[in-house]
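Undergrad: Sequence and predicted model, in that order:
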Amino acid sequence: MSQTRDTDSDSQLSLFTIQDCQDVENNNGPEPTEKTLQDTEYIRQSFFDAVQESIVLIDSDGNILLLNTTAAERLGKSVGELKGTYIYDYFPLTIKELRQKQVDMVFSTGKPGSFNDSRSERFFEHRLYPVFCNDKTVSSVAVFTQDITEHKRMMDELRRGEKRYRKFFATSRDCMFIASKREGWIDFNDVALKMLNYDSREDLLETPLSCLYVTPEERSSLLSLIEQNGYVGEYPLQLRRKDGVIIDTLVTAEMTHSEHDSGVEYYGTIHDITEQKKVEKARRIAESNYLSIFQNAVEGIFQSTLEGRYLTANPAMARIYGYDSPAELMETITDIESQIFVKPGDRKTLLRRMAEDGTVSGFETKHRRKDGSIIWVNLYSRIVRDNAGTILFVEGMVADITDRRKAQVACKENVLKLQQALDATIHAILATVEAKDPYTTGHQRRVADLARAIATEMGLSQDQIDGIYMAAIVHDIGKISIPSEILSKPSNLVDVELDLIKTHVQSGYTILKNIVFPQPVARMVLEHHERINGSGYPNGLMGDNLLIESRILAVADVVEAMVSYRPYRSALGIEAALEEIEKFSGILYDSDVVSVCLRIFKQKQFTLS
């Protein structure tokens, strides 16, 4: 199209002027005068200018035939400056191409059109209408343009709000719904399907709301309350799921009057509290059980301040301390440390241990009862703190162990008496053996002293040390079955006599095995002539098959025997004895035992007396 435009009067006629010309040609009225035409044009231009939309009439070449003030202002010119100019000169290339394409389409099809575009961050809606000549051809196109920027921003904001609402609607942990009193469900989120056990939205939409109520009365009560107040908050309501299971819920709903055909609508949420109710019920049962335990427990249960006042106490607590009731105990005791603890320092110790470990159990101490009598108690106690770590109170349990402590004392006394009786018995046996073989008088005592010293140096337990000493004292008890003339024979023994001597370990075992000792004394006696290489008697045991106590007893017996005088030989002396065990260490005798035995003689100056 040419950029130079024809500006004759025909090309500047408005839509209404064209119509007037048609009326003249068709003899539809008197021929208008110049003044009439001017008045009509003024009126119509004023009408155009009063319209807030931009109105532009353009011909097929793109010339502006007519426009209103709104259109001129948007283009930054006056109406006079714009008439007759090429409209597409005022737009960027991309907008020009879009608008020209839309206008040309109306010229070619004779049908109205519309499109939207934007410029300078403003948005416009365009409506295009063809203007026809008498021959039904399109002579021009009227373009009505509306600035829809604010409308678009508002719609965008609405869409964003709708998107946020939909996201909230979809992600809520509660059932969210919109329902109509007339039509039932309108909308709901997926939580509703899971809560009510429905498989699909269609399935729930087809289900009447009345089917969800356990009783019609509940539905009537809820609806009446909403209609009365317009709103209901956290209304407790039982609902029936599709599978018939009854659930407990809290309903919050608001009533509105819809602008659509659905009439009254309800917006709201349904919160499933079934599990919460179960937990609450379990909590009540637990509290009831705790209260029952608290009231009926045999042990005293209490809570107290750090400073020493009781906050709570159960009936057993009052009974233990001789009070008529927990209330009397709590009112009377204002300082636990001085009024209850016999040794005030014990409570300080208890508090310190609780501060370090959190909980203290098995703490035994003496307490004072109301009448002043003393009892022994076993305390379990702990410090209770809040989430910030601040100490709230001390709580615990008290058991009266006075009778148990008395029994323990009595038991210890009985054990001591039994031990004394056992010792007397052992020494009586020792005296019997020494009377039978006077040449070995003191041998068993000296062996016992040496064996005890070795065991102590090796770090054995006190129970093992005591057992070794007891076994050593009687290790030759079996010799009472050997004829005295053999025991005291001043010359070497023949084989038959030696074999008879060897039977003393089995005889000693037979004598001792039915006596109840705290340690395996009889077995030590049986094994004290065994050797770790299996060459000993009576059973040829080797290495770890022998008790460590037996291996200690074997070394002590050999050392003492070599040091002492015998009828058939003179005393060989300690050097010879130590040389013997060192020579056969790890062969006949346990190497650890030998090493310790050598050390206590050479470094610690142990002597046999």
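TA: That came in fine, so what should we check first?
Undergrad: I'd assumed I178 was in a strand, is it?
TA: Yes: assessed with DSSP: H, G, I helix; E, B strand; the rest coil, I178 lies in a strand.
Undergrad: Please tell me how far it sits from E227.
TA: 17 Å (Cβ to Cβ, to the nearest Å). In short, each C-beta sits where N, CA and C put it, glycine included.
Undergrad: Of the two, give the one with the bigger neighbour count.
TA: I178 (16 against 13; other Cβ atoms under 10 Å).
Undergrad: give me the beta-bridge partners of that one?
TA: I178 has the following beta-bridge partners by DSSP bridges: D187, Y267.
Undergrad: thought it was touching A192?
TA: No: in this structure I178 lies outside contact range of A192 using Cβ atoms under 8 Å: 10.9 Å.
Undergrad: Remind me what the strand or helix carrying I454 packs against, helices and strands.
TA: Using DSSP states H and E, I454 maps to helix 443-457. On a contact count with 3 or more Cβ pairs under 8 Å, 6 or more residues apart in numbering; DSSP states H and E, helix 443-457 meets helix 402-436, helix 462-473, helix 548-563, helix 591-602.
Undergrad: Report the angle between it and helix 548-563.
TA: Taking axes from the mean of the first three to the mean of the last three Cα atoms, to 10 degrees, one finds helix 443-457 and helix 548-563 inclined to each other by 130 degrees.
Undergrad: Report the angle between helix 443-457 and helix 462-473.
TA: Using the same axes, to 10 degrees: helix 443-457 against helix 462-473 is 160 degrees.
Undergrad: residues of helix 443-457 that come out buried?
TA: Residues 443-455, 457 are the ones in helix 443-457 that count as buried (16 or more other Cβ atoms under 10 Å).
Undergrad: what does stretch 243-257 give?
TA: Neighbour-count burial for stretch 243-257 [16+ other Cβ under 10 Å]: I247, D248, T249, L250, V251, A253, M255.
Undergrad: nearest to Q408, of those?
TA: D248 (56.4 Å; Cβ to Cβ).
Undergrad: contacting residues for the closest one?
TA: Applying Cβ atoms under 8 Å, 6 or more residues apart in numbering to D248 gives the contacts P236, Q238, D272, I273, T274, Q276, K277.
Undergrad: So what's the residue count around the third one?
TA: Okay, so that is D272. Residues lying near D272 (other Cβ under 10 Å) number 19.
Undergrad: same question, the fifth one
TA: Here the neighbour count serves as a burial measure; for T274 (other Cβ under 10 Å) it reads 15.
Undergrad: where's it relative to K502, distance?
TA: Per Cβ to Cβ, T274 is found 86 Å from K502.
Undergrad: Next: the first one.
TA: Distance, P236 to K502, using Cβ to Cβ: 95 Å.
Undergrad: any idea what the spatially most central residue of the chain is structurally, helix, strand or coil?
TA: The chain has N387 as the residue nearest its centroid, 14.7 Å off, counting by Cα atoms, centre = their mean. Here N387 is recorded as coil under three-state DSSP.
Undergrad: so who does K83 touch?
TA: Residues near K83 by Cβ under 8 Å, 6+ apart: Q12, I64, L65, L66, L67.
Undergrad: Now for those: which two are most distant?
TA: It's Q12 and L67 that sit farthest apart of the contacts of K83, by Cβ to Cβ, at 10.9 Å.
Undergrad: which SSE is Q238 in?
TA: Going by DSSP H and E, Q238 is in strand 231-240.
Undergrad: got the buried residues for that strand?
TA: Neighbour counts over strand 231-240 (16+ other Cβ under 10 Å) mark V232, Y235, L237, L239, R240 as buried.
Undergrad: contacts for that strand?
TA: When contacts are defined by Cβ under 8 Å, 6+ apart, strand 231-240 is touched by residues 196, 211-214, 218, 222, 225-226, 246-255, 270-271.
Undergrad: before we move on, the earlier item: tabulate the buried residues of stretch 243-257 in a markdown table, adding columns for secondary structure, distance to L82 and pLDDT.
TA: As requested, the buried residues of stretch 243-257 are exported to a markdown table (DSSP: H, G, I helix; E, B strand; the rest coil; distance: Cβ to Cβ, whole Å; pLDDT from 0 to 100):
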| residue | secondary structure | distance to L82 | pLDDT |
| --- | --- | --- | --- |
| I247 | strand | 71 | 93 |
| D248 | strand | 73 | 93 |
| T249 | strand | 68 | 92 |
| L250 | strand | 67 | 92 |
| V251 | strand | 64 | 92 |
| A253 | strand | 59 | 89 |
| M255 | strand | 56 | 87 |
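Undergrad: which one of those is nearest D400?
TA: D248 (46.8 Å).
Undergrad: Tell me the spacing between the closest one and M542.
TA: Per Cβ to Cβ, D248 is found 77 Å from M542.
Undergrad: How about I454?
TA: Taking Cβ to Cβ as the measure, I454 falls 21 Å from M542.
Undergrad: show me where pLDDT drops low in the stretch 1-150 of the chain?
TA: Within the stretch 1-150 of the chain, the ranges that satisfy pLDDT under 70 run 1-33, 37.
Undergrad: Okay, helices next: where are they in it?
TA: Under the criterion DSSP state H, counting those that start in this stretch, the stretch 1-150 of the chain contains helices at 15-25, 34-50, 69-75, 79-82, 93-109, 149-171.
Undergrad: Against which helices or strands is the fifth one packed?
TA: Helix 93-109 makes packing contacts with strand 113-119, strand 122-132, strand 138-147 when contacts are defined by 3+ Cβ pairs under 8 Å, 6+ apart.
Undergrad: would you put the C-alpha positions of the last one in CSV?
TA: What follows is the C-alpha trace of strand 138-147 in CSV, where atoms were taken according to Å, rounded to 0.1, in the frame of the first residue of the first chain:
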residue,chain,number,x,y,z
VAL,A,138,-16.8,-3.7,2.5
SER,A,139,-16.0,-0.1,2.2
SER,A,140,-14.3,0.3,5.6
VAL,A,141,-13.7,-1.4,9.0
ALA,A,142,-14.6,0.0,12.3
VAL,A,143,-12.1,-0.9,15.1
PHE,A,144,-13.3,-0.7,18.7
THR,A,145,-10.4,-1.0,21.1
GLN,A,146,-10.6,-1.3,24.9
ASP,A,147,-7.8,-1.0,27.3
